[in-house]
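A.B. asks: Sequence below, structure please.
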Amino acid sequence: TIIIMAIKKEQPYLLERLGGEPALQAVVDAFYVRILEDKELEIYFKDADMVKLRRGQYVFLKSVFTKIPDKFNGSEFMYEKHKRLFRMGLGGIEFDMVAGHLVAALQSLKVKQPLIDEVVSIVSPLRPYFVEGAERAAKEAKKAQQTRELQIIFLAAGAVLSVSLLVHKIYHLTKNDEES
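C.D. replies: Next up, the predicted model:
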């Protein structure tokens with residue numbers, strides 16, 4: 001598990017240097033316009049509550065652009081937030097695509113390159129969580145498949161046993177009828 005440690009700086013938070021909350025909202029809006037236009041990512045957003053998603057992204061970015069908690073368990077946080085998407089195949093490649101859209105959104109809003117670089121330095125350490133999340137979801141899916149297969153085997157074995165017991169019972173009933 002990777003732990004992101006807060007970096008103590010004397011300068012204003014990145015959120016303030018980007019232009020505050022209105023600027024962040026503009027970034028989130030431009031970001032989702034780009035993501036929703038991306039045919040390779042659209043599957044992950046089909047039927048998503050975009051109002052909730054935009055709000056969550058805004059809150060997350062506001063948090064990491066101000067003060068990252070001293071200890072942030074990004075792996076578990078990202079897994080819980082993206083579990084459904086990891087099960088659909090979301091991973092490192094998709095993270096790269098989304099991060100590229102964030103950079104493009106910042107560039108489209110004429111954010112200065114040093115601030116974009118700072119955003120990248122905050123966002124890029126999250127990539128391993130997406131690789132890890134994809135691997136974890138694949139392992140969980142494999143385990144679930146194995147469990148289903150075992151259940152089928154046990155059901156089949158139970159059915160065979162039931163049929164065997166039924167045949168045995170019929171045999172003994174027929175034998176008893178013949179002897180009577």
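A.B. asks: can you give me the helices for this protein?
C.D. replies: 14-18, 20-37, 42-45, 50-64, 74-87, 92-108, 113-123, 127-179 (DSSP state H).
A.B. asks: L15 - nearest residue in space that isn't next to it in sequence?
C.D. replies: Nearest residue to L15, sequence neighbours excluded (Cβ to Cβ, 6 or more residues apart in numbering): F65, at 4.0 Å. For glycine as for every other residue, the C-beta is placed from the backbone atoms N, C-alpha and C.
A.B. asks: Wait, the one you found touches G20, no?
C.D. replies: No - look at F65 against G20 with Cβ atoms under 8 Å: they stay out of range, at 10.2 Å.
A.B. asks: any low-confidence regions in this structure?
C.D. replies: For the chain, the stretches with pLDDT under 70 are 1-10, 69, 150, 154-163, 165-166, 168, 171-180.
A.B. asks: Centroid-nearest residue for it?
C.D. replies: H82 (2.2 Å; Cα atoms, centre = their mean).
A.B. asks: Let me see the contact set for V103.
C.D. replies: Applying Cβ atoms under 8 Å, 6 or more residues apart in numbering, we find V103 in contact with 116, 119-120.
A.B. asks: what's the distance between it and L115?
C.D. replies: 11 Å (Cβ to Cβ, to the nearest Å).
A.B. asks: can you pick the most crowded of the contacts of V103?
C.D. replies: Highest neighbour count within the contacts of V103: V119, with 21 neighbours (other Cβ atoms under 10 Å).
A.B. asks: Next, count neighbours for the closest residue to that residue other than its chain neighbours.
C.D. replies: Counting by Cβ to Cβ, 6+ apart, V119 lies nearest to L106, which is 6.3 Å off, once chain neighbours are set aside. Using other Cβ under 10 Å, L106 has 22 other residues around it.
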